[in-house]
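[1] with the input below, show me the fold.
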Amino acid sequence: MSDPHLLALLRAIRLRQNAPDAAAAGVADADAALSEIPFPNQADDEEETDVPPSHQPGGGLLWRGDPGDTIGRSSFQARYGPDRGIPPIGAVPSGPTGPVPNIPPVAPARRIGGPATEFPPPQPQTTTGDHPGRRRPGVPGKRGTPRPDGVDPADRQALRDTQRLLSASLDAAGGIDEVAGRLWRALGQAQSPLLEALPGTPETQRAQLARALTWLVRRLDDPPALVAGCIQLGAVLAECGIPWTRLRVVGAALAEAMRAGMAPGAWRQDFDQAWRWTWQHIYEWLVHGGTLVAYQPTVWPAEVIEHDVRRRDLAVITLRPSLPLSFRPGQYTRVEVDAVPGVRRPYSLAGAPHRDELIELHVRAKTETGVSGTLVHHTRAGDLVRLTRAEGDMGLPAEPDRGILMIAGDTGVAPMKAMLAEIAATGDTRPAVLFWGVRDRTELYDIEALTELAARSPRAAVVPVVAEGDPGPYESGLVTDVVAAFGEWSRFEVYLAGPPLMLANTSVALHRLGVDAARIHHDTPQ
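    So this is what the prediction gives:
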């Protein structure tokens, strides 16, 4: 087994199961739950910051504990010797030991006397021949043959025992959905900025917490997948701008969410120890994942939920990222597909951010190859793609007295749709006008959805402009001419999206209309 994270995990399991000091300590502090996991070398009055950890000096997510406790070191428990005792659940980060603010207290856990609820008695210690002097817990004789993933069968059994405890405790607390709802409410009381930094509505966030708990219990006996998933989640949380100090409260909130759903006396010692141990390691991997943001791009796997071919060369694709993807209306993401590994193409994000867990891409392909060709011609519902974090400088203006003028060409309407969706969702009362320039009426592939969004907005309008052929009920001619004919735009913030030539021509036309260049926004063509 080569991964140092997994070595540390399995070492902690063996200590927890076999050390008599661990069992005794677990009984003594069972009522402390997960909130009292210590964090060494961390000042109690450390000032928290809302600056994203990846952008803080030195990296706000970098480990600040004892060097011997650095995540991933083989010396994970070297600080603890015979004269210092063995910690109940392995080496832990340390921090405040007082109760977490705003979480209601609960009655102390009651000791359960039955043999099924106690830790197993200590096992004889043996010395292995391949490592002279190293003592390993377990019965005399050879250890089992490791599986292909490097996990010893005895360690895997310990993981499965812990897995059963987590599952049983969730059932006793009312089920995963009930626990997720109580966890969301506890986090809202104790650390509301954490929830505010995550995308999605309250319903979406509760559903994501339920899926996360389900995934955790199912994956606990698969250490490689568990570690990789937690590290990836840590990177995503860092991308959302969540300082790692705010994650400390999650363990305490989870303990309260579990206890609140149980009958008096049902919160058992072995439940407490299983969750305490599990959260300790998850926290470490989350922090470690956050440190990676400064060194490598964060990737979101996303499942194709719907693939709607609107034209022969264009598809509207609905995706569900496996983890929350935060973005502002007007931003774009880069997409990678298996057919073209290592190549990432930018596509604007359509739809309102922070509203649900689905995102929408509008993809036009000139050929049947490449990333765009694969997405349009060879992608189906159920396929997986990979996304990067949202980029781009476009976004709705902060000034309350500025109107919003949007001018789009072809699939450049996608970021404008995101802006319209946000305007409709928030009830923004500022005047907002979208001019959508197309070659002919057949290219108005999303006009119904845009019209519906405008109808839900207090002061929004959509003006299609058809350059060639019969315009029908819409405006005809060049989009710049139609914009000029509609009025004066000096008190509007202007947003452009479309082909590079269209961006250049429209910018020049707007300058002639007296629009300040500083009020014209578009991302650099790629």
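[2] rest of the way, CA atoms for contacts and neighbours
    Will do.
[3] now the terminal residues of stretch 375-391, how far apart.
    20 Å (CA to CA, to the nearest Å).
[4] so where do the strands sit in the stretch 151-300 of the chain?
    With DSSP state E, counting those that start in this stretch as the criterion, the stretch 151-300 of the chain has strands at 299-311.
[5] helices of that one, start to end?
    For the stretch 151-300 of the chain, helices defined by DSSP state H, counting those that start in this stretch occupy the ranges 153-172, 176-190, 192-197, 202-219, 223-239, 248-260, 269-291.
[6] could I get the ones you listed as CSV with mean pLDDT?
    Below are the helices of the stretch 151-300 of the chain laid out as CSV (pLDDT from 0 to 100):
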stretch, mean pLDDT
helix 153-172, 87
helix 176-190, 91
helix 192-197, 86
helix 202-219, 90
helix 223-239, 87
helix 248-260, 87
helix 269-291, 88
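[7] for residue 303, which of those helices is the nearest?
    Taking CA to CA, helix 202-219 is the member of those nearest to residue 303, at 15.0 Å.
[8] related to what we said a few turns ago, want to throw the helices of the stretch 151-300 of the chain into a markdown table with mean neighbour count and distance to residue 369?
    Formatted as a markdown table, the helices of the stretch 151-300 of the chain follow (neighbours: other CA atoms under 10 Å; distance: least, CA to CA, whole Å):
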| stretch | mean neighbour count | distance to residue 369 |
| --- | --- | --- |
| helix 153-172 | 19 | 44 |
| helix 176-190 | 20 | 43 |
| helix 192-197 | 16 | 38 |
| helix 202-219 | 17 | 35 |
| helix 223-239 | 22 | 30 |
| helix 248-260 | 24 | 45 |
| helix 269-291 | 23 | 34 |
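[9] out of the ones you listed, nearest to residue 299?
    Set against residue 299 and scored by CA to CA, the helices of the stretch 151-300 of the chain come closest in helix 223-239, at 8.0 Å.
[10] with just CA atoms, put that closest one into CSV.
    Output in CSV follows, covering the C-alpha atoms of helix 223-239 (Å, rounded to 0.1, in the frame of the first residue of the first chain):
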residue,chain,number,x,y,z
PRO,A,223,-10.2,3.9,0.8
PRO,A,224,-8.8,5.0,-2.6
ALA,A,225,-12.2,6.3,-3.8
LEU,A,226,-12.9,7.8,-0.4
VAL,A,227,-9.7,9.7,-0.2
ALA,A,228,-9.9,10.9,-3.8
GLY,A,229,-13.5,12.1,-3.4
CYS,A,230,-12.8,14.0,-0.2
ILE,A,231,-9.7,15.7,-1.7
GLN,A,232,-11.7,16.7,-4.7
LEU,A,233,-14.5,18.1,-2.5
GLY,A,234,-11.9,20.0,-0.5
ALA,A,235,-10.7,21.7,-3.7
VAL,A,236,-14.2,22.6,-4.7
LEU,A,237,-14.9,24.1,-1.3
ALA,A,238,-11.8,26.2,-1.7
GLU,A,239,-12.9,27.3,-5.1
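[11] angle of that helix against helix 153-172?
    With axes from the mean of the first three to the mean of the last three CA atoms, to 10 degrees applied, the angle from helix 223-239 to helix 153-172 works out at 60 degrees.
[12] same for helix 223-239, what does it pack against?
    Other helices and strands packing on helix 223-239, by 3 or more CA pairs under 8 Å, 6 or more residues apart in numbering; DSSP states H and E, are helix 4-18, helix 202-219, helix 269-291.
[13] please repeat the previous calculation with a cut-off of 6 Å.
    If contacts are counted by 3 or more CA pairs under 6 Å, 6 or more residues apart in numbering; DSSP states H and E, helix 223-239 sits against helix 269-291.
[14] and the angle for the helix it packs on with helix 153-172?
    110 degrees.
[15] off-centre distance for stretch 269-276?
    Computed by CA atoms, centre = their mean, to the nearest Å, the separation of stretch 269-276 from the middle of its chain amounts to 26 Å.
[16] before we move on, what about stretch 283-303?
    Put simply, stretch 283-303 sits 9 Å off its chain's centre (CA atoms, centre = their mean).
[17] same thing with stretch 226-241?
    The mean C-alpha position of stretch 226-241 is separated from the chain mean by 7 Å, CA atoms, centre = their mean.
[18] what do you get for stretch 223-234?
    12 Å.
[19] need the contact partners of that stretch.
    219, 285, 286, 289, 290 (CA atoms under 6 Å, 6 or more residues apart in numbering).
[20] relative to residue 443, which of the helices of the stretch 151-300 of the chain is closest?
    The closest of the helices of the stretch 151-300 of the chain to residue 443 is helix 202-219. By CA to CA, the value is 33.6 Å.
[21] what would the helices of the stretch 151-300 of the chain look like in a markdown table with distance to residue 390?
    Below are those laid out as a markdown table (distance: least, CA to CA, whole Å):
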| stretch | distance to residue 390 |
| --- | --- |
| helix 153-172 | 35 |
| helix 176-190 | 25 |
| helix 192-197 | 15 |
| helix 202-219 | 19 |
| helix 223-239 | 9 |
| helix 248-260 | 26 |
| helix 269-291 | 17 |
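[22] out of those, nearest to residue 464?
    helix 202-219 (33.7 Å).
[23] for that closest one, enumerate the helices and strands it packs against.
    Judged by 3+ CA pairs under 6 Å, 6+ apart, helix 202-219 is in contact with helix 176-190.
[24] the inter-axis angle of the helix it packs on versus helix 153-172?
    Going by the same axes, to 10 degrees, helix 176-190 makes 80 degrees with helix 153-172.
[25] circling back: looking at the helices of the stretch 151-300 of the chain, spot the one closest to residue 393.
    Of all the helices of the stretch 151-300 of the chain, helix 223-239 sits nearest to residue 393, with 16.2 Å by CA to CA.
[26] the inter-axis angle of that closest one versus strand 299-311?
    80 degrees.
[27] now helix 223-239 and helix 202-219, what's the angle there?
    150 degrees.
[28] that older thread, quick one: which of the contacts of stretch 223-234 is nearest to residue 349?
    Ranked by distance to residue 349 (CA to CA), those are led by residue 290 at 24.3 Å.
[29] the closest one against residue 236, yeah?
    No - between residue 290 and residue 236 there is no contact under CA atoms under 6 Å: 7.6 Å.
[30] would you indicate which residues of stretch 434-450 are buried?
    Within stretch 434-450, the residues that count as buried by 16 or more other CA atoms under 10 Å are 434, 435, 436, 437, 438, 439, 441, 443, 444, 445, 447, 450.
[31] identify those among the residues you listed that sit within strands.
    Residues of the buried residues of stretch 434-450 located in strands (DSSP state E): 434, 435, 436, 437, 438.
[32] residue contacts, residue 384?
    302, 303.
[33] coming back round to it: farthest pair within the buried residues of stretch 434-450?
    The widest separation within the buried residues of stretch 434-450 (CA to CA) is 17.8 Å, between 439 and 450.
[34] how many other residues sit next to residue 352?
    By other CA atoms under 10 Å, the residues close to residue 352 number 26.
[35] that one looks like it's in a strand, true?
    No - using DSSP: H, G, I helix; E, B strand; the rest coil, the assignment for residue 352 is coil, not a strand.
[36] look up the closest residue to residue 380, ignoring the ones flanking it.
    Nearest residue to residue 380, sequence neighbours excluded (CA to CA, 6 or more residues apart in numbering): residue 307, at 6.0 Å.
[37] then residue 258?
    Leaving aside its sequence neighbours, residue 258 sits nearest to residue 173 (CA to CA, 6+ apart; 5.4 Å).
[38] phi and psi next, for the one you found.
    With angles defined as degrees, to the nearest 10, residue 173 sits at phi -90, psi 10.
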